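Visitor: model the structure of this input:
(chains A and B)
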Amino acid sequence: MVAPGEIDWDTDVVADLAESYESLVRSLQRTEGFSLFFVRCVPGDQADLVQLLQADLPNLHMQRLELTEELVDGNLYQRVTTLPDVAEIDVLFISGLEKSFDPYVKSGYGGQGDYYKRDTVPRVLGHLNLQRERFRDDFPFCFVFFLSAFGIKYIARRAPDFFDWRSGIFEFIPDAETVRKLTQELYGDYREYLTWSHSQRMDCIRDIQGILEEDQQTPDQQASLWWEKGNILAADQNYEAAIASYDRAVEVKLDYHEAWYNRGILLDNLGRYEEAITSYDKAVEIKPDKHKAWNNRGISLNNLGRYEEAIASYDKAVEIKPDYHEAWYNRGISLDDLGRYEEAIASYDKAVEVKPDYHEAWYNRGILLNDLGHYGEAIASYDKAVEIKPDKHEAWNNRGISLKNLGRYEEAIASYDKAVEVKPDYHEAWNNRGISLKNLGRYEEAIASYDKAVEVKPDKHEAWNNRGSSLANLGRYEEAIASYEKALEFKPDYYRAWDNRGDVLKDLERYEEAIASYDRAIEINPEYQFPWESRGFALMQLMQFEAAHESFDRAIFLKPDDATAHYNKACCYGLQKNIDLAIETLQYAITLDSENRELAKTDSDFDGIRESDRFRELIDD
Amino acid sequence: MTASPDFWKKLYTAFDPFRPLPANDPAWVDCASVRGEEDILAGLGLEIARSEKVTCQLYAGHRGAGKSTELLRLQDDLQRQGFRVVYFAADDGDLEPENTEYSDILLACARQLISKLRSQPGQDTQFREWVNRLLRDLRELGVTELSLDELSYETPETPLGKVSTTIKTNVSKQQVIRRQVEQQAESLIDILNEFIGKALGDRKPQDLVLMVDNLDRIIERYEGENQQSNYEQIFVNHSDQLRALNCHVIYTVPISLAYSVHLTAMEERYKPVEVLPMIMLKTPEGEISEAGMAKLKELIRQRFRFAQSGVELEAAFESGEALDKLCEMSGGHVRNLMNLMKAALQNTRELPISTRSVQRAISELRDTYRKVIDGHEWEALVRVSQEKLITENDDLFRSLLFRRCILEYRYIDAEGEVQVWHDVHPLVRGLDGFKRALDRYERGASSRSE
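Guide: Numbering: from 1, shown residues only, chains lettered A, B, ... in the order given. You can find the predicted model right below:
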């Protein structure tokens, strides 16, 4: 016995397992009617404990209620009323209550400081808190809740009134070796987590949560558990919560570069690039040769448009691991974004050197070569891409463009054919195919190809416009007009379509309408030269010479060496019988293009001045 | 001495932490003198007895401080004075556990008033019509799962309780229902008031007292930073509706609400919140209050007697110090005292209770406080332990009050004024986190003074 005054009452005494067990036995023995007990122990020990208690208290009728899944209505009272032989029960052991907390798993779930998540209450706890009188009045027996350390904590916080009515808490705390074994059993593999169902993941998280807070847990094991939990949550695509879990891992184990690294990946996934970069910074600070962190850091920098820094980060990655093809590839993208195409191509070269079947790199390389005008090389690069991945439709399409740029229309068409074979709704390819067919003068086929494009994408205005041109080429003017008008329906400011429509109307000698159409084109884009010239011509046909001159002047202003505009202006003077200006203007038109002399010889517009000497002189010259 | 199993069962049951004492129970001990003369009969009771008009009062206190026991006493006292009293403790049949709103409370009041006051059939016709109208409107809004053939007041299934459990998973519909009930709640108040008039016959509304207990059982929620709590949404935003019943009403609320800035800003609405403080065991200066200690011992002694154990209190403990410490560590909180006694008995094979058993009981209860305190809260607790007052009225302190980590005490000073002060729960002082934070505080304080 200790002498009075020698005890420090602010210091805890620790009960051993036998003491705790005896207290529990006495409690059950001495209880009459309703009472609540909370027993903390690891799941593996529950059955043994029940067996032991039953052996020691043979006169008490004991039952177990194992909740294997969430109580959907959150109503434990209801669940207990439906138990068989409920009237016989003296002691009811309940386990698995934590499963009903799952739907309330949010970011930071279970993290210290986040327990008391004050925006939600698990329904089951809300119920218990309000149901305690009903439990007391309707169930005259002992409830023993088996819970993890976490579960007890959660109830203490979120069902405080129910918890307040307890008659006792008994803790059977496992020793360090048991905790170590239980912890290690929970280490897993991310790829495996990906194959799990949501509820499998939640089950595992609950187990982790249970063992995390064990008294005999070590910081290193804790960090590993937080890391596993983060990985499981990441596999569950609950990124916020996963990040919170990695946070805890690095809090316990500051140099946990794997956690910093994974944390970075998830932050990047969430678009929080700055934070991702900071996290990668930590990872490479701890482990400077962590090439993957340098590479991913580059990706986040690139996402922020900080291309130079991204490139420097990729440089680090390939310096550490020269055959790191992903980094070479990503480096290529950043260089491309900076407009440093030659270097980008060199970087892609590196990527395919290391990994010859890297079709993405071959493809990107092709695009850059095409943009630089190296069509032949571009085609070779696309050839590689489709050789590796024959269903890479974008590559087939772009290959077609490069072939077209070389005037190799037949081959271009074959390439587009491949693209739409792989992806029949690839409207860009259908449209491009139409253009190449048109270039070969195969207008009907071109029209059929445009038809496909607008069938897939009815508002594809370029295809409607191109279709109109091919129809016009076939002399199917009304249909052409209708097609242009479709284009304009989807894109009313499509000035090229207005211009093209004007041309068809002009060819139909519907000059007023043509002029109105040109006016629209000019109104939208006054810098577009063609409609000014065509409009002048139409006005001339209507004998509106002054207006025609103004229109030609504008066309000439925008394109001073436009021989046709000068020639038409001369025609206009001819019709006006203004010999001096007609001859002067025609002379300039002939200077720009000698063909105009031949045209003028038979052009009726000059009939009024044909007899003049100066005209003859100019023509016969 | 080997005691019989029956002896132990009786003794053990005497310290059950879940039975408020009925009025006039011999085990009840008058503690007003050590609760700053807080007496429910003099406070809430007198207000009702003296008021010419109906009143609406809030009654606050720490969980387990004895509010229900006090309310049952008040009910008895008022009934003796001739008042008609309807007391009820709201439960999960009344309140939607995840998302309680004021309309839940109003419906619970309706159910209780009607079931307890209805003296003739037909008096509740209007209420039935109201319910049917609500269900019809809900059906029109696409909530078809519900029908109500017969409205039974005896089951705790209010229409709303039924509604919310039926479609718990369907969040969008739940909101539809909420909005609809909210809309129609206004008209329910008039119906209830009319019913009260009819049911009371020739008696006045001032003769009826409605006591709504357990409202502090709603779990406090904050939707976000700097947002109102759900309690504030109910008692502040809907004070008009909650005050509109034409009878005296007392609502119990958690102690944290008594410190709500939003609520205190509307004192003209409710009478000042009546708070039931802890039994004062120490003065603010840290001197043991013999009077308070004596009351706690009296509480235990009464229960020993009640169990007909034949055991004298002093003989039940191995040492007087152990008994003193057991009382002291309860912080003057009655349920904690019961928890400690119960645990000490569990740890004891045969009387007397050993010092180690008491130590274990204290350690076990202390651990429950460890479970509810977060790392960032220690500093605030240290400050309260030093300043003996909540100086900042913010969410953190209110939440610590709610969790009983901070306790409220009152006493009458030499001028006869009620003095309110606060301290951390004595068990908190033994927690490592607190000890470390206190150490930091003291080092900080000494370096500042140099």
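Visitor: can you tell me which residue of chain A sits closest to chain B?
Guide: residue A:126 (2.8 Å; Cβ to the nearest Cβ). For glycine as for every other residue, the C-beta is placed from the backbone atoms N, C-alpha and C.
Visitor: so how far is whichever strand or helix holds that residue from its chain's centroid?
Guide: Of the helices and strands defined by DSSP states H and E, residue A:126 is found in helix A:123-138. Mean-position distance between helix A:123-138 and its chain equals 46 Å (Cα atoms, centre = their mean, to the nearest Å).
Visitor: for it, packing partners?
Guide: helix A:76-81, helix A:149-158, helix A:160-163 (3 or more Cβ pairs under 8 Å, 6 or more residues apart in numbering or on different chains; DSSP states H and E).
Visitor: what comes into contact with it?
Guide: Identification of contacts with helix A:123-138 by Cβ atoms under 8 Å, 6 or more residues apart in numbering or on different chains yields A:34, A:36, A:71, A:73-77, A:80-81, A:97, A:100-101, A:143, A:154-155, A:158-162, A:165, B:18-19, B:89-92, B:95, B:97-98, B:168, B:214, B:217, B:219.
Visitor: so what pLDDT did residue 345 get?
Guide: You didn't say which chain, so I picked chain A. We have a pLDDT of 94 for residue A:345.
Visitor: meant chain B, my bad for not saying
Guide: For residue B:345, pLDDT reads 93.
Visitor: does it really touch residue B:15, like I thought?
Guide: Yes: using Cβ atoms under 8 Å, residue B:345 is in contact with residue B:15, at 6.8 Å.
Visitor: now list whatever residues contact both of those two.
Guide: By Cβ under 8 Å, 6+ apart, no residue touches both residue B:345 and residue B:15.
Visitor: quick one on the thing from earlier: buried ones among the contacts of helix A:123-138?
Guide: Buried by 16 or more other Cβ atoms under 10 Å in any protein chain shown: A:34, A:36, A:71, A:73-77, A:80, A:97, A:100-101, A:143, A:154-155, A:158-162, A:165, B:18-19, B:89-92, B:95, B:97-98, B:168, B:214, B:217, B:219, out of the contacts of helix A:123-138.
Visitor: which parts of the stretch 251-400 of chain A are helices?
Guide: Assigned by DSSP state H, counting those that start in this stretch, the helices in the stretch 251-400 of chain A fall at A:257-269, A:273-286, A:291-303, A:307-320, A:325-337, A:341-354, A:359-371, A:375-388, A:393-405.
Visitor: out of the ones you listed, flag the one nearest residue A:180.
Guide: Ranking the helices of the stretch 251-400 of chain A by proximity to residue A:180 (Cβ to Cβ) places helix A:257-269 first, at 20.3 Å.
Visitor: residue contacts, residue 21?
Guide: Since no chain was named, I'll use chain A. Residues in contact with residue A:21 (Cβ under 8 Å, 6+ apart) are A:52, A:170, A:172.
Visitor: actually it's chain B I care about, not the one you picked
Guide: Contact analysis of residue B:21 by Cβ under 8 Å, 6+ apart lists B:27-28, B:69, B:72.
Visitor: switch these over to TSV; also include neighbour count.
Guide: Listed next are those as TSV, based on neighbours: other Cβ atoms under 10 Å in any protein chain shown:
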residue	neighbour count
B:27	18
B:28	17
B:69	20
B:72	21
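Visitor: one step back: the contacts of residue A:21 in strands, which ones?
Guide: Within the contacts of residue A:21, residues falling in strands by DSSP state E are residue A:170.
Visitor: now restrict the contacts of residue A:21 to buried residues only.
Guide: Buried subset of those (neighbour count, 16+ other Cβ under 10 Å): A:170, A:172.
Visitor: distance to chain B and pLDDT for the contacts of residue A:21 - can I get that in JSON lines?
Guide: Listed next are the contacts of residue A:21 as JSON lines, based on distance: Cβ to the nearest Cβ, whole Å; pLDDT from 0 to 100:
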{"residue": "A:52", "distance to chain B": "17", "pLDDT": "93"}
{"residue": "A:170", "distance to chain B": "9", "pLDDT": "91"}
{"residue": "A:172", "distance to chain B": "13", "pLDDT": "86"}
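Visitor: reformat the contacts of residue A:21 as TSV; add distance to residue B:431.
Guide: Listed next are the contacts of residue A:21 as TSV, based on distance: Cβ to Cβ, whole Å:
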residue	distance to residue B:431
A:52	32
A:170	20
A:172	22
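Visitor: circling back to that earlier point, CA-only coordinates of the helix holding residue A:126 in PDB, if you can.
Guide: What follows is helix A:123-138 as a C-alpha-only set of coordinates in PDB (Å, rounded to 0.1, in the frame of the first residue of the first chain):
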ATOM      1  CA  ARG A 123     -26.300   8.000 -39.900                       C
ATOM      2  CA  VAL A 124     -25.800   5.000 -37.600                       C
ATOM      3  CA  LEU A 125     -24.300   7.300 -35.000                       C
ATOM      4  CA  GLY A 126     -26.900   9.900 -35.300                       C
ATOM      5  CA  HIS A 127     -29.500   7.200 -34.700                       C
ATOM      6  CA  LEU A 128     -27.700   5.700 -31.700                       C
ATOM      7  CA  ASN A 129     -27.300   9.100 -30.100                       C
ATOM      8  CA  LEU A 130     -31.100   9.600 -30.300                       C
ATOM      9  CA  GLN A 131     -32.000   6.000 -29.600                       C
ATOM     10  CA  ARG A 132     -30.300   5.400 -26.300                       C
ATOM     11  CA  GLU A 133     -33.600   5.600 -24.300                       C
ATOM     12  CA  ARG A 134     -35.100   3.000 -26.600                       C
ATOM     13  CA  PHE A 135     -32.200   0.700 -26.200                       C
ATOM     14  CA  ARG A 136     -32.400   1.100 -22.400                       C
ATOM     15  CA  ASP A 137     -36.100   0.600 -22.200                       C
ATOM     16  CA  ASP A 138     -36.500  -2.200 -24.700                       C
END
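Visitor: what angle separates it from helix A:149-158?
Guide: In terms of direction (axes from the mean of the first three to the mean of the last three Cα atoms, to 10 degrees), helix A:123-138 departs from helix A:149-158 by 80 degrees.
Visitor: for residue B:239, which of the helices and strands packed on helix A:123-138 is the nearest?
Guide: For residue B:239, the closest of these is helix A:160-163, at 24.4 Å, according to Cβ to Cβ.
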